[in-house]
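Asks: I'll drop the sequence and a predicted model, then ask my questions.
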Amino acid sequence: MNILLLIVLAIVAIGLYVPQWHTQRILKKYSAPHPLLPGTGAQYAEHLLNSQGLKHVRVEETSEGDHYDPTTKVVRLSRDNFHRNSLTAIVTAAHEVGHAIQDAQNYEPLHRRTELITRTQSFARFSGWALIALPIILVLIHSPILAALAFAVGFVAQFGGVLVNITTLPVEFDASFNRAMPLLKQSNLLSPKELHQAKRILRACALTYVAGSLSSLLNLWKWMKALKR
């Protein structure tokens, strides 16, 4: 039984950490300036947005990681991807523009994810205070109703993270392989070999979202297990 548990833990550890390590290695490998690319990641994002009729979407530098904000209609790129003309910067820019295209085309999974994230963040703020206050109240007032409430708050908070990660998967895969790759091909900036490398970058990044979903499920399992003690 102990050997089986160790095997399961090893598989989980590989599923959690290998994708992150692999993604960082791939992104770093293709982060050097590309002598034949005419512009930076920010300039390429602006070019793609203009070509798709999305001139109202802005491109900004951020320190919080590359992402598209559908509430403010902004593509945000990290410092390196904003200023460099590397393959990583170009591919990342295309991916985030892919999200902007999803938004413009009313891609339902993106809107569901955005709404779920907003609700989860609001509940997380509430549950944080509730999980601090409820144990204190339970010491003063021994009530099975309060105990059930504490369980419900904790479960919803943990399960919300699971739902966000699961709903993120189809959105990210669509932005990468149904939006970004066609944009990269149509731009005629990359050779067939570089298009293959671009797909490697997108595939590696996609694996991190799979690992994120696995991590959130693991956190929920650990929380449920802790309650049984």
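Replies: Okay, I see it.

Asks: Only C-alpha atoms from now on, for both contacts and neighbour counts.
Replies: Fine.

Asks: ok, and what's touching stretch 105-120?
Replies: Stretch 105-120 has contacts (CA atoms under 8 Å, 6 or more residues apart in numbering) with 70, 99, 102, 103, 157, 160, 161, 164, 167, 168, 170, 171.

Asks: Check the gap between the third one and residue 29 for me.
Replies: For residue 102, the distance to residue 29 equals 29 Å [CA to CA, to the nearest Å].

Asks: Same drill for these two, tell me which one is more crowded.
Replies: Neighbour count, other CA atoms under 10 Å: between residue 102 and residue 29, residue 102 has more, with 20 against 12.

Asks: That one looks like it's in a strand, true?
Replies: No - counting by DSSP: H, G, I helix; E, B strand; the rest coil, one finds residue 102 to be helix, located in no strand.

Asks: dump the residue contacts of it.
Replies: Applying CA under 8 Å, 6+ apart to residue 102 gives the contacts 110, 175.

Asks: buried subset of the contacts of stretch 105-120?
Replies: Buried members of the contacts of stretch 105-120, scored by 16 or more other CA atoms under 10 Å, are 70, 99, 102, 103, 157, 160, 161, 164, 167, 168, 171.

Asks: now for those residues, which pair is the farthest apart?
Replies: 102 and 157 (27.8 Å; CA to CA).

Asks: close enough to count as contact, residue 181 and residue 199?
Replies: Yes - taking CA atoms under 8 Å as the definition, residue 181 is a contact partner of residue 199 at 7.3 Å.

Asks: who has more neighbours, the two?
Replies: residue 181 (22 against 17).

Asks: Which phi and psi values does residue 32 adopt?
Replies: Here is the backbone geometry of residue 32 (degrees, to the nearest 10): phi -70, psi 150.

Asks: Going along the chain, name the strands of this protein.
Replies: Secondary structure of the chain by DSSP state E: the strands cover 58-62, 67-69, 74-78.

Asks: so where's the chain uncertain?
Replies: Residue ranges of the chain with pLDDT under 70: 1-2, 4-16, 121-160, 211-229.

Asks: Which stretches in this structure count as helices?
Replies: 2-29, 41-51, 79-83, 87-104, 108-140, 144-173, 181-187, 192-228 (DSSP state H).

Asks: one step back: could you single out the most deeply buried of the strands of the chain?
Replies: Greatest average neighbour count among those goes to strand 74-78 (a mean of 23), per mean count of other CA atoms under 10 Å.

Asks: Mind listing the strands it pairs with, and their directions?
Replies: Looking at strand 74-78 with DSSP bridges, its paired strands and their directions are strand 58-62 (parallel), strand 67-69 (antiparallel).

Asks: Any idea which of those gets closest to residue 22?
Replies: Residue 22 lies closest, by CA to CA, to one member of the strands paired with strand 74-78: strand 67-69, at 20.0 Å.
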